[in-house]
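Just to be clear, the model below is a prediction. Sequence and coordinates:
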2 protein chains.
Amino acid sequence: MSQSIVPNVRKRPTIRDVAREAGVSYATVSRVLNGREWVSPEAVRVVREAIARTGYTANPHARSLATGKSGSIAFLLTEPQHLLFEDPNFSVLLRGVAQALSDRELTLILMIASTPEERNRTTAYLSGGHVDGVLLVSPHSGDPLLSHLVQAEVPIVACGRVLGYEQQISSVMADDRSGGRSAVEHLIAMGCTKIATITGPQDTAGGVDRLQGYTDALLAHGIPVEPARIVHGDWGRASGATAARQLLDQDPELDAVFAASDAMAAGALPVLREAGRSVPGDVRVVGFDDSGLAATLDPSLTTVRHPLDRISEEMVRLLTDVINGRTPLSITVPTTLVIRDSSPA
Amino acid sequence: MSQSIVPNVRKRPTIRDVAREAGVSYATVSRVLNGREWVSPEAVRVVREAIARTGYTANPHARSLATGKSGSIAFLLTEPQHLLFEDPNFSVLLRGVAQALSDRELTLILMIASTPEERNRTTAYLSGGHVDGVLLVSPHSGDPLLSHLVQAEVPIVACGRVLGYEQQISSVMADDRSGGRSAVEHLIAMGCTKIATITGPQDTAGGVDRLQGYTDALLAHGIPVEPARIVHGDWGRASGATAARQLLDQDPELDAVFAASDAMAAGALPVLREAGRSVPGDVRVVGFDDSGLAATLDPSLTTVRHPLDRISEEMVRLLTDVINGRTPLSITVPTTLVIRDSSPA
DNA sequence: CTGAAAGCGCTTACAG
DNA sequence: CTGAAAGCGCTTACAG
């Protein structure tokens, strides 16, 4: 329908077009664009009108070239893809970060580095100073990418403590240890004594800390920590099912399960049912995350909530601080126990 | 620990540094960088070495400014956030697109436009020609954003047919109609005659087409289409539960349910069980999507698979074509029925 | 408060 | 095959 004679790439108005339209120099246009001091109200008005009339929007590349700031932040995923994308936490985090970045007029660049080749390319790109900073999700302790980025002095904020880089990489995380402890203390308060746990991977801060909270609670109440009641999962649903079978095998008497993620709890639930245990009648179950899943399970899941929206917000705020040269910092946000049917009060 | 005397922003090597190092003009460096013709093998060698020695990486902003191409693609979400991020399809699509883009050395910019203000900002940004193209996810028919983007001649490829813009906006989608039809024909072949359906939203192509496939199959087999057996959902789990209750209410005799998404099927399953219907004994259930959920449900879910990885791949390929000035196109990829326990063969 | 000018780091005709 | 030069669209001291 549209019979454009002009070539496909229309000429966008530039700062000069606006200046001509407004009858001022283009330096003045730039000043009002950037809200700098020393511009007469009259000039501001004229320029604003000219901008509206021409439909001008700044060319971010020209701006970046001139300022040396890219105006963009990389959201970097290094985890094997399938795991991360299955995790509902990830979506919530991504959404929150997108929001916070948008509020600051920063652009979100999504990068996924799974294969060795991608990792190299990503490292080069980020070290090249082509983004203002990096948001790191679920970093692995021994990842060589980390040392490269740190060495290149790229501003970084990680989601979760980065084991080995605590001093150099800022991080924001939930208080996983207290969260785990509160979950298990709830179970103890409800009269459970044979409490098992399905942990997260032990090379992640979350996996380690939630388990630590579990042992904290037991020991604080004089309950021995039995290795037979500890099985490791990988956060995923399937691993929760496997772990539950193993736990029942190792200790058929168990009267509670604390799973370090809702997904693993979701995997454990049907296994318990099939094994003839009613939840919460015979076995109480508590998860972690308060993901969308938790409330829809049958029975609905008692779980530990960490405010992911708060975490993403803080990650972005902290990153802008680091970009502005402030020293690295570590932020911990509290968790809350959400009581539902799988372990009622 | 690191006592950097130099200011935080280290000077990155530029093309001139490489040229000096290699002993050629920087125009030559640019040529080998871009793999252009007319460069002596000797020059190529020298420059490559100099690049390696200096650790040079091109400044994308300078390049963009010079070429007028941004090297980036926007992945634009306009759906209310919660819906999209809950949908496992979304993650798979995002991952696939990220991969395909990375293969082409294009940068993925994630934009979420939910509030009216964000929508305006986004429209301005995209219309400003600051990305090379836009990947549109789950577009709404009447969205003003669409007309703006089309008018600004921004290259677009949508996931799913865009009702009203079929001629102007390229799209890639699953053959939802055939998929729906194959699901229902399977149920018919298994002896079901009172087949109900939970549809997707009727202002989306997927919602409309999957329902169309349902009626296609019934009519082809001389089975009347009963309004009492059609209830609308919003793709989400909760809406599936509500819809299932309504269906049982309107037709207690039903012997099969075709849900237009796995999530809605997942919501329907426990409702059926609570109503005393065994699956697949009393009622067969088929979903759509073959999301990660399907195989883990109890019983595992018979569903229609659409190859999302293929779709994302084609979206990116098509978008690069459109960017290069080729005319809009619509691609449909076939679906396959995956038979599991909720409706075995 | 405002304008002229240099410069950000590239690409790309234009001469050679 | 290669170099000198203009230009992409901004920002930012520097003079006024």
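Noted; the coordinates are in hand.

So which residues on the stretch 51-200 of chain A come close to DNA strand D?
A:56, A:58-59, A:62-63, A:65-67 (CB under 7 Å from any atom of the strand). C-beta here means a position set from N, CA and C on the backbone, and glycine is covered the same way.

any chance of those residues in JSON lines, plus distance to B:Ala205, pLDDT and secondary structure?
Below are those laid out as JSON lines (distance: CB to CB, whole Å; pLDDT from 0 to 100; DSSP: H, G, I helix; E, B strand; the rest coil):
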{"residue": "A:Tyr56", "distance to B:Ala205": "36", "pLDDT": "85", "secondary structure": "coil"}
{"residue": "A:Ala58", "distance to B:Ala205": "36", "pLDDT": "85", "secondary structure": "coil"}
{"residue": "A:Asn59", "distance to B:Ala205": "35", "pLDDT": "86", "secondary structure": "coil"}
{"residue": "A:Ala62", "distance to B:Ala205": "39", "pLDDT": "88", "secondary structure": "helix"}
{"residue": "A:Arg63", "distance to B:Ala205": "38", "pLDDT": "87", "secondary structure": "helix"}
{"residue": "A:Leu65", "distance to B:Ala205": "41", "pLDDT": "87", "secondary structure": "helix"}
{"residue": "A:Ala66", "distance to B:Ala205": "44", "pLDDT": "88", "secondary structure": "helix"}
{"residue": "A:Thr67", "distance to B:Ala205": "43", "pLDDT": "87", "secondary structure": "helix"}
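
which of those are buried?
Among those, those classed as buried by 16 or more other CB atoms under 10 Å in any protein chain shown are A:56, A:58-59, A:63, A:65.

Contact residues of the stretch 101-250 of chain A facing chain B?
By the rule CB under 8 Å from any CB of the partner chain, the part of the stretch 101-250 of chain A lying against chain B is A:102, A:107-112, A:118, A:121, A:124-125, A:127-130, A:153, A:167-168, A:237-238.

Could you list which of these belong to helices?
Under the assignment DSSP state H, those contribute A:102, A:118, A:121, A:124-125, A:127, A:237-238 to helices.

Kindly state the pLDDT recorded for A:Val150?
pLDDT for A:Val150: 88.

need the contact list for it.
Going by CB atoms under 8 Å, 6 or more residues apart in numbering or on different chains, A:Val150 touches A:156, A:165, A:168-169.

What strand or helix carries it?
A:Val150 belongs to helix A:144-151 when assigned by DSSP states H and E.

Indicate the residue of the stretch 201-345 of chain A located nearest to DNA strand D.
Per CB to the nearest atom of the strand, A:Asn324 is where the stretch 201-345 of chain A lies closest to DNA strand D, at 13.7 Å.

quick one, phi psi at that residue?
The phi/psi pair for A:Asn324 (degrees, to the nearest 10) reads phi -80, psi 10.

and if you look at A:Val304?
phi -110, psi 120.

sorry, back to before: please list only the buried members of the ones in helices among the residues of the stretch 101-250 of chain A next to chain B.
A:102, A:118, A:121, A:125, A:127, A:237-238.

who touches the spatially most central residue of chain A in this structure?
For chain A, A:Leu93 is the residue whose C-alpha lies nearest the centre (CA atoms, centre = their mean; 4.1 Å). Residues near A:Leu93 by CB under 8 Å, 6+ apart: A:137, A:159, A:308, A:311-312.

that older thread, the helix holding A:Val150: which residues count as buried?
A:145-146, A:148-149.

among the contacts of A:Val150, who's most crowded?
Neighbour count (other CB atoms under 10 Å in any protein chain shown) singles out A:Ile156 as the most crowded of the contacts of A:Val150, with 26 neighbours.

looking at this, the residue nearest to the centre of chain A is in a helix?
Yes: the assignment for A:Leu93 by DSSP: H, G, I helix; E, B strand; the rest coil puts it in a helix.

And the pLDDT for it?
pLDDT, A:Leu93: 87.

Next one: whichever residue of the stretch 101-250 of chain A sits closest to chain B from A:Thr67, what distance?
As assessed by CB to the nearest CB, chain B sits closest to A:Gly128 within the stretch 101-250 of chain A, at 3.7 Å. A:Gly128 sits 16 Å away from A:Thr67, going by CB to CB, to the nearest Å.

cool, and A:Val97?
The span separating A:Val97 from A:Thr67 equals 23 Å under the rule CB to CB.

on that earlier part again, wait, isn't the residue of the stretch 101-250 of chain A closest to chain B in contact with B:Thr57?
Yes: shown here, A:Gly128 and B:Thr57 form a contact pair, counting by CB atoms under 8 Å, at 3.7 Å.

Quick check: neighbours shared by the two?
When contacts are counted by CB under 8 Å, 6+ apart, A:Gly128 and B:Thr57 are jointly contacted by B:Arg12.

and stretch A:195-214, how far apart are its ends?
End-to-end distance of stretch A:195-214 (CA to CA, to the nearest Å): 9 Å.

number of nearby residues for A:Leu337?
By other CB under 10 Å, 17 other residues sit near A:Leu337.

which residues touch it?
Applying CB under 8 Å, 6+ apart to A:Leu337 gives the contacts A:179, A:182-183, A:186, A:302-305.

Three-state assignment for it, please.
Quick answer, by three-state DSSP: A:Leu337 is strand.

Next one: it from DNA strand C, what distance?
Distance of A:Leu337 to DNA strand C, given as CB to the nearest atom of the strand, to the nearest Å: 52 Å.

And for A:Thr54?
17 Å.
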